[in-house]
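1. One predicted model, sequence on top.
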Amino acid sequence: MAIDDLAPDFPPIRTPWVIDWLMEVGPTVEFVAETVRAREPDCPPPWTATSVLNRDEVSRKVSNAFRALMMSKEPST
């Protein structure tokens, strides 16, 4: 959507501090949950192992991420 310069219509936020609090707590809760899961001896790692790195795909994804970042920083006309 950022590349096409589209902005979704969001409802008004009446309690922005709740969103800030949830964003702060979210990763912390996930960390605690993973800590509990990691106690099991057969728990898989929290990342995906890759055997082959597709450099072209990684390059494309990084380029798209930077392009989207730059477009979000440009002043709208």
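-> Received the coordinates, thanks.

2. quick one: A38 and S72, what's the gap?
-> 36 Å (Cβ to Cβ, to the nearest Å). Bear in mind the C-beta positions are built from the backbone N, C-alpha and C, glycine included.

3. Run through the protein and note the low-pLDDT ranges.
-> Where the chain drops to pLDDT under 70, the residues are 50-51, 76-77.

4. contact partners of the longest helix along the chain?
-> Secondary structure of the chain per DSSP state H: the longest helix is helix 16-37. Helix 16-37 has contacts (Cβ atoms under 8 Å, 6 or more residues apart in numbering) with I13, C43, P46.

5. make it 10 Å
-> Contacts with helix 16-37, where a contact means Cβ atoms under 10 Å, 6 or more residues apart in numbering, come from I13, T15, C43, P44, P45, P46.

6. what's the answer for stretch 49-69, then?
-> The contact list for stretch 49-69, computed with Cβ under 10 Å, 6+ apart, reads M1, A2, I3.

7. what's the last one in contact with, if anything?
-> Same thing as I3. Taking Cβ under 10 Å, 6+ apart as the contact definition, I3 lies against N64, R67, A68, M71, S72.

8. Distance to L22 added to those residues, as a markdown table?
-> As requested, the contacts of I3 are arranged in a markdown table below (distance: Cβ to Cβ, whole Å):
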| residue | distance to L22 |
| --- | --- |
| N64 | 28 |
| R67 | 29 |
| A68 | 24 |
| M71 | 27 |
| S72 | 22 |
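
9. Just the buried subset of the residues you listed, please.
-> When burial is judged by neighbour count using 16 or more other Cβ atoms under 10 Å, no member of the contacts of I3 is buried.
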